[in-house]
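J.: Structural data only, the sequence is not supplied:
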């Protein structure tokens with residue numbers, strides 16, 4: 001009976017909360033999943049951005065945001081950077097500390113993440 005209940009629970013979890021499935025794996029598997037997700041997002045967004053998506057382009061855009069203290073001019077925006085950094089912030093906020101939080105911080109620093117605010121928030125401000 002216990003085994004059947006565990007199987008039913010696992011099946012229910014897969015059907016009702018597929019977004020939580022990656023979080024039930026080991027930290028290494030979760031890190032690999034998010035690495036692949038970021039890579040796929042980077043490739044997809046690079047093909048549609050006016051300004052090419054790259055860690056360097058994001059770093060430049062966020063440096064401008066920090067310098068201006070707010071949004072960047074549309075001509076200096078890079079499509080996809082804000083989305084990548086939103087995921088970085090979500091990961092750091094969710095995990096707090098440990099291997100996944102360290103991974104999130106490394107990605108945030110790689111892309112030069114800065115979040116809107118007064119003044120704008122940096123990776124250092126979120127505990128990286």
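T.: That came through, no problem. Just so we're clear, the structure is a prediction, and the values are computed from it rather than from any experiment.
J.: From now on I want contacts and neighbour counts done on CA atoms only, so please keep to that.
T.: OK.
J.: Run through this protein and note the low-pLDDT ranges.
T.: 1-26, 37, 40-50 (pLDDT under 70).
J.: Please enumerate the helices of it.
T.: 2-16, 27-46, 55-68, 81-95, 99-110 (DSSP state H).
J.: For the shortest one, name the packing helices and strands.
T.: Contact partners of helix 99-110 among helices and strands, from 3 or more Cα pairs under 8 Å, 6 or more residues apart in numbering; DSSP states H and E: helix 27-46, helix 81-95.
J.: And that helix, how far out from the chain middle?
T.: 9 Å (Cα atoms, centre = their mean, to the nearest Å).
J.: Okay, angle between it and helix 81-95 too, please.
T.: 150 degrees (axes from the mean of the first three to the mean of the last three Cα atoms, to 10 degrees).
J.: Now do the buried residues in helix 99-110.
T.: 100, 101, 102, 103, 104, 105, 107, 108, 109 (16 or more other Cα atoms under 10 Å).
J.: Touching, residue 71 and residue 117? I think so.
T.: No: the pair residue 71 / residue 117 is not scored as a contact, 9.6 Å apart, by Cα atoms under 8 Å.
J.: Show me which of those two is the more surrounded one.
T.: Set side by side, residue 71 and residue 117 show more neighbours around residue 71, with 18 against 12, by other Cα atoms under 10 Å.
J.: Dead centre of this structure: give me the residue that sits there.
T.: residue 87 (2.2 Å; Cα atoms, centre = their mean).
J.: Okay, that residue and residue 35: tell me how far apart.
T.: As judged by Cα to Cα, to the nearest Å, residue 87 and residue 35 stand 11 Å apart.
J.: what do you get for residue 96?
T.: Distance from residue 96 to residue 35, by Cα to Cα: 18 Å.
J.: what do you get for residue 104?
T.: With the distance defined as Cα to Cα, residue 104 ends up 10 Å from residue 35.
J.: What count of nearby residues applies to residue 34?
T.: Residues near residue 34, counting by other Cα under 10 Å: 18.
J.: Can you tell me how far it is from residue 116?
T.: As judged by Cα to Cα, residue 34 and residue 116 stand 23 Å apart.
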